[in-house]
Structure formats: C-alpha cells, structure tokens
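Student: requesting a structural model of the entry that follows:
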Amino acid sequence: MDMDTFFHAVITGIGATLVMDLWSLFQKYIISIPPLKYALVGRWVLWMFKGKFRHNTIVSTDSVQGEIFTGWVFHYLTGILFAFIPFLLEGPDWFHEPFLVTALLIGLLTLFAPFMILQPAFGFGIAASRTPRQWLARLLSVLTHVAYGLGLYIAAFAIRF
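Tutor: I've put the predicted structure just below:
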C-alpha cells in the first residue's frame, strides 16, 4: 500500500464516521431516539487497562476519568480502520472508483463489531439480546452502519484520485 492509498483510506474513514455521526444527530434530534454514548465505549476501553473486558452492564460500571475523550477517539480510530476493508477486498482501485454497493455491504459487514464484540462486552448480549428492546437496538445498529457505509462511498467519491 502506497502513502496516497493510506492517506485516502484515513480520510475516507474520517468522512464515513462523520456521516455516521450525522445520522446519530438526526436520530437524536429528529426522531428522538438516543444514540450510543461514546463515553460508554471509552469506559470499556479504559477498564480493559485494569483487566476488565466484560461488564455485567457497562452502565452500572463505575465511570473513569477521560472516558468521553477516549470513547470518541476509539470511535474515529475504528472508523478509520474499517475504511481499509475496501482496499483489502478490491485493492487501491476502489479509491479511484468507489462503488456504492461495496460501501453499503462493508457498512453491514462492520456490524460484526457491535453485535459480536461491543454489545456482549457491555453486558447487552450478542446482538443486544439482553436488552429490553432488542429488535430496536438491532435496527438502530443496522441503520447506523448503513450510514457508515454510505459515508464510505460519499467520502471516497469526494476525494477520489
């Protein structure tokens, strides 16, 4: 991977994550559904340094100084990391000519992270199976990750080289 491709993947990841965050703002202010609080992500990350990887529920775990900042940094680093998936699947040509279908499928592929890693570690079960409104939680995760996929396409298209 050359530096241009690396740079484009990083910028695409930031752009895609921004689109995901715009969706979260829409979700919060227009349809009145609270999005994920990234402080909880930061809490999870920071508790890992203390040896705790899984929580009964992350909400009941004591907060940690710096969790908001850590959560947002982790959120954007994850978005950047996931932006390398099109490169791995289709090579650097994807950044020259991004395909919407590929981007949306990658958005759906990234659902593995919340369904199989984050939600179980937070004590919410696989694919939010231990939450009171599990189908709503799943739907919101799907919509958020579709927004990320759309963001991949928009960002890659906007900066294609």
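Student: show me the contacts for residue 28.
Tutor: 34, 35 (C-beta atoms under 8 Å, 6 or more residues apart in numbering). The way it works is simple: take the backbone N, C-alpha and C, and place the C-beta from them, glycine included.
Student: give me the element it is part of.
Tutor: helix 3-29 (DSSP states H and E).
Student: what's the angle from the helix or strand that that helix is followed by to helix 3-29?
Tutor: Going down the chain from helix 3-29, the next helix or strand is helix 38-48, by DSSP H and E. Between helix 38-48 and helix 3-29, the angle comes out at 120 degrees (axes from the mean of the first three to the mean of the last three C-alpha atoms, to 10 degrees).
Student: mind checking how far the lowest-mean-pLDDT helix or strand in the chain is from the chain centre?
Tutor: For the chain, using mean pLDDT, DSSP states H and E, the weakest element among its helices and strands is helix 93-96, scoring a mean of 88. Chain-centre distance of helix 93-96: 22 Å, with C-alpha atoms, centre = their mean, to the nearest Å.
Student: for the helix or strand containing residue 101, enumerate the helices and strands it packs against.
Tutor: According to DSSP H and E, residue 101 maps onto helix 100-109. With contacts taken as 3 or more C-beta pairs under 8 Å, 6 or more residues apart in numbering; DSSP states H and E, helix 100-109 sits against helix 85-90, helix 134-158.
Student: contact partners of it?
Tutor: Residues outside helix 100-109 that contact it (C-beta under 8 Å, 6+ apart): 82, 85-86, 89-90, 94, 142, 145-150, 152-153, 156.
Student: distance of residue 65 from residue 71?
Tutor: Distance of residue 65 to residue 71, given as C-beta to C-beta, to the nearest Å: 13 Å.
Student: need the contact list for the residue positioned nearest the centre of the chain.
Tutor: Using C-alpha atoms, centre = their mean, the residue of the chain that lies closest to the mean C-alpha position is residue 79, 5.5 Å off. Going by C-beta under 8 Å, 6+ apart, residue 79 touches 13, 14, 16, 17, 20, 148.
Student: does the last one touch residue 110 like I think?
Tutor: Yes: proximity of residue 148 to residue 110 meets the contact threshold set by C-beta atoms under 8 Å, at 6.4 Å.
Student: mind showing which ranges of this structure have poor pLDDT?
Tutor: Within the chain, the stretches with pLDDT under 70 are 161.
Student: tell me which helix or strand comes right after the helix holding residue 101.
Tutor: Remark: after helix 100-109, the chain's next helix or strand is helix 112, criterion DSSP H and E.
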